[in-house]
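Novice: need a structure here:
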Amino acid sequence: MAEDRMLRVRALLDAVRSEGRTALTAPEGKVIADAYGIAVPGEELARDVEEAVAYAARFGGPVVMKIVSPDILHKTDAGGVIVGVEGASDVRAAFHRIVENARGYDAGARVEGVQIQELLPPGQEVIVGAVTDPTFGKVVAFGLGGVLVEVLKDVTFRLAPVDADEALSMLDSIRAAEILRGVRGQAGVDRWAVAEQIRRVSRLVADFPEIAEVDLNPVIATAEGAVAADIRVILSDTPVTPRRRYTRAEILTSMRRLMEPRSVAVIGASNEQGKIGNSVMRNLVDGGFAGDIHPVNPRADDIVGRKAYKSVTDVPGEVDVAVFAIPAKFVASALEEVGRKGIPNAVLIPSGFAETGEHALQEEIVAIGERYGVRLLGPNIYGYYSTWQDLCATFCTPYDVKGGVALTSQSGGIGMAVLGFARTTKTGVSAIVGLGNKSDLDEDDLLTWFGEDPHTDCIAMHLEDLKDGRAFVEAARATVPRKPIVVLKAGRTAAGARAAGSHTGALAGDDAVYDDILRQAGVIRAPGLNDMLEYARGLPVLPTPKGDNVVIITGAGGSGVLLSDAVTDNGLTLMEIPPDLDTAFRAFIPPFGAAGNPVDITGGEPPSTYEATIRLGLEDPRVHALVLGYWHTIVTPPMVFAELTARVVGEFRERGVEKPVVASLAGDVEVEEACQYLYERGVVAYPYTTEWPVAVLGAKYRWARAAGLLGGGS
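Specialist: Numbers count the residues shown, from 1 in each chain. Presented below is the predicted three-dimensional model:
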């Protein structure tokens, strides 16, 4: 049955192609809809007025009449749609008016006739569609539909194809989800019927890659079903060139030699201070890299105390990584030598490739790399750090604080911001990697490696684009169940301003698709650079929560209100305090304080009150996370609060009670030292802000949900 269906669609698409068309007519769309079980109303193609009258009579009620022309995509704009036509005289008049309007809209348009379609009952108008995204390939869309679809832009996206559960989840992912469930006495829609329309469209575009865009708009959704009033199908006019893909085993083999090398060659090594080749050599030697370091320079015998070689082919033994510190114009010939030597990785620091318009030069080095099996990092990068190997293969400042955070950036400037942040906050890192032009190695290669790397607990990535969104999603899905991934995607406001033949295509701005699909992959998206860095710093510190109940304990009512807002803003749940726990808290709160949630112990309380209430929150298994609001007083100075909090949290962790605890400290400058003290002891704490600690907690919860550790969606 499925094979017959695909053969029918294949024959139709081939026929459309043979005529040099990319847009299917409405009757052709009906053939595809029938083949894939996409529910559409009864319809007929009337080639003249008398056929129109006969078909309308056969439907026995009001009909919709639409122009059928392979040259007119937007029928409404052309005056080619009339709704609610009934009776022979009105059908005749509507037929002539539609054809005249079409001629006036485009005098050269081919008119095949007028579609006579049974009028659907009123219902909720939604849109179901699919588009070919340049990053993610086939993407299915769902949202509120009708004539205002591009104004409301209440649409969500998923990678196609989707299964039934994923399709159903899309109904809950739009802002107007409540409307679909039924509001103000209105019945909700048949959710399963709508989800089936989504699933079938997603299957269609996955089966036929040449279909560029599909629109079902509007789909009339009622309590009894979901029927597409209009179907639009557009074919691609350019063939898709498949990207070179590597197996997981191949990626891990080459990445292991890149990140854990035993031998490194520096092509363009120099004794002259101020040159990149000198900086790279100094960083490798001074950084304590224990492997072999081989400088390559045809005009030197000795560089930084190491024997220099005229060519990389002269270097004895195996080499794992060749770091390039030579001008762009010399890279290709040197890369040929790297290939002949059998070196698996080339780190290309030089600029002057695609980023400056030299696309042919970049394509040349990519071809050389593929020919010899050399993976390319860069070009146009600052290099990379692999701290657990004491490897600093970069011309930037050294960094040697080992830890569990892997950081990558597409930009050198962002890379240095990462470095400075890591140093000032004492965030230990497992690696910092520049990606630059991403001529070959990219985020999905690094994700595959960091997902397996025992030194890495959290991965943070700055990116401007993805070369292969599906490969990234595949790598992310394999990694997220074990480690959180934080992504800062630059260009959020640069929605894809491209010509589109459908409503779905117009709605699929780059960022809208990125946002939904990164969430679908379980990735935590950071709104800004500082957010990405703070999430990466805080996520490994916090234990994974075991449930949704968050309790705020605060010494200041104002902070409590702001912390409550932050909890809601970050998608967290303020626990409804049960009566017995409320009574227990009240035992430690003065009469002018307030129980409930937040628990307001007031600012004048001694350290013992902070300690007692924190203990109570940690002891009760119904409480899953604590948010602490501290107010600086002489009664309980900042470091006293920090020490007692760290001591109590540490005591419970030793007993196996691990709950995420975050803190907001309001006060004089002493709170800065107190926050640092807490952070170093597993409590994510910030001075002068109620937003940051809760944002980090929210990021931890988003990862826990995506990893399947809390249940529910991401």
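
Novice: Check which residues of stretch 187-195 are buried.
Specialist: Counting neighbours by 16 or more other Cβ atoms under 10 Å, one finds that the buried residues in stretch 187-195 are Val189, Asp190, Arg191, Ala193, Val194, Ala195. Every residue, glycine included, has its C-beta placed from N, CA and C.

Novice: what residues does it touch?
Specialist: By Cβ atoms under 8 Å, 6 or more residues apart in numbering, the surrounding residues in contact with stretch 187-195 are 39, 123-124, 126, 128, 142, 164, 167-168, 170-171, 180-182, 219, 221-226.

Novice: Only the buried members of the residues you listed: can you turn that into a ChimeraX selection?
Specialist: What follows is the ChimeraX syntax selecting those of these that are buried according to 16+ other Cβ under 10 Å:
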select :39,123,124,126,128,142,167,168,170,171,180,219,221,222,225,226
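
Novice: OK, contacts around Gly378?
Specialist: When the contact criterion is Cβ under 8 Å, 6+ apart, the partners of Gly378 are Phe324, Val347, Leu348, Ile349, Pro350, Gly434, Leu435, Gly436, Asn437, Ser439.

Novice: For Ser564, state which of the residues you listed is nearest.
Specialist: Taking Cβ to Cβ as the measure, Leu435 is the one of the contacts of Gly378 closest to Ser564, at 39.9 Å.

Novice: Please name the strands paired to the helix or strand where Val214 lies in the sheet, noting orientation.
Specialist: Secondary-structure assignment from DSSP states H and E places Val214 in strand 211-222. Partner strands and pairing direction for strand 211-222 (DSSP bridges) are strand 124-133 (antiparallel), strand 225-228 (antiparallel), strand 231-235 (antiparallel).

Novice: how about the CA coordinates for it, as CSV?
Specialist: Extracted in CSV, the C-alpha atoms of strand 211-222 (Å, rounded to 0.1, in the frame of the first residue of the first chain):
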residue,chain,number,x,y,z
ILE,A,211,9.3,18.8,-2.2
ALA,A,212,10.5,22.2,-0.9
GLU,A,213,7.4,23.5,0.8
VAL,A,214,3.9,22.3,1.8
ASP,A,215,1.1,24.4,3.1
LEU,A,216,-2.2,23.1,4.6
ASN,A,217,-3.7,26.5,5.3
PRO,A,218,-6.2,26.8,6.8
VAL,A,219,-6.8,23.4,8.4
ILE,A,220,-10.3,23.7,9.9
ALA,A,221,-10.1,21.9,13.3
THR,A,222,-13.3,21.0,15.1
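
Novice: How far does that strand sit from its chain's centre?
Specialist: Using Cα atoms, centre = their mean, to the nearest Å, the mean C-alpha position of strand 211-222 is found 25 Å from that of the whole chain.

Novice: again with stretch 116-131
Specialist: For stretch 116-131, the distance between its averaged C-alpha position and the chain's averaged C-alpha position is 30 Å (Cα atoms, centre = their mean).

Novice: Okay, buried residues for that stretch please.
Specialist: Counting neighbours by 16+ other Cβ under 10 Å, stretch 116-131 gives 116-120, 123-131 as buried.

Novice: Skipping adjacent residues, who's closest to the most centrally placed residue in the chain in space?
Specialist: Of all residues in the chain, the one closest to the mean position by Cα atoms, centre = their mean is Leu518, 2.1 Å from it. Closest residue to Leu518 apart from its sequence neighbours, by Cβ to Cβ, 6 or more residues apart in numbering: Arg525 at 5.2 Å.

Novice: Show me what the one you found is bridged to.
Specialist: Beta-bridge partners of Arg525, counted by DSSP bridges, are Val487.

Novice: from here on, count from 237
Specialist: New numbering, starting at 237: the last item is Arg761.

Novice: can you tell me how far it sits from Thr368?
Specialist: Noted for Arg761: a distance of 23 Å to Thr368, by Cβ to Cβ, to the nearest Å.

Novice: if we look at stretch 401-410, which residues are touching it?
Specialist: Around stretch 401-410, the neighbours that count as contacts under Cβ under 8 Å, 6+ apart are 376, 378-380, 390-392, 394, 398, 413, 416, 427-428, 430-432, 434-435, 438, 752, 756, 949.

Novice: From the chain's centroid, how far away is it?
Specialist: Once both centres are worked out by Cα atoms, centre = their mean, stretch 401-410 turns out to sit 17 Å from its chain's centre.

Novice: per-residue confidence averaged over that stretch?
Specialist: Taken as a whole, stretch 401-410 has a mean pLDDT of 95.

Novice: In stretch 368-379, which residues are buried?
Specialist: Along stretch 368-379, the positions that meet the burial threshold by neighbour count (16+ other Cβ under 10 Å) are Thr368, Asp369, Thr371, Phe372, Gly373, Lys374, Val375, Val376, Ala377, Phe378, Gly379.

Novice: Span of it from start to end?
Specialist: Taking Cα to Cα, to the nearest Å, the span from the opening residue of stretch 368-379 to its closing residue is 17 Å.

Novice: Show me what the strand or helix carrying His698 is packed against.
Specialist: Assigning secondary structure by DSSP H and E places His698 in strand 694-699. Using 3 or more Cβ pairs under 8 Å, 6 or more residues apart in numbering; DSSP states H and E as the contact definition, the elements that strand 694-699 packs against are strand 638-645, helix 648-660, helix 679-688, strand 721-725, helix 765-774.
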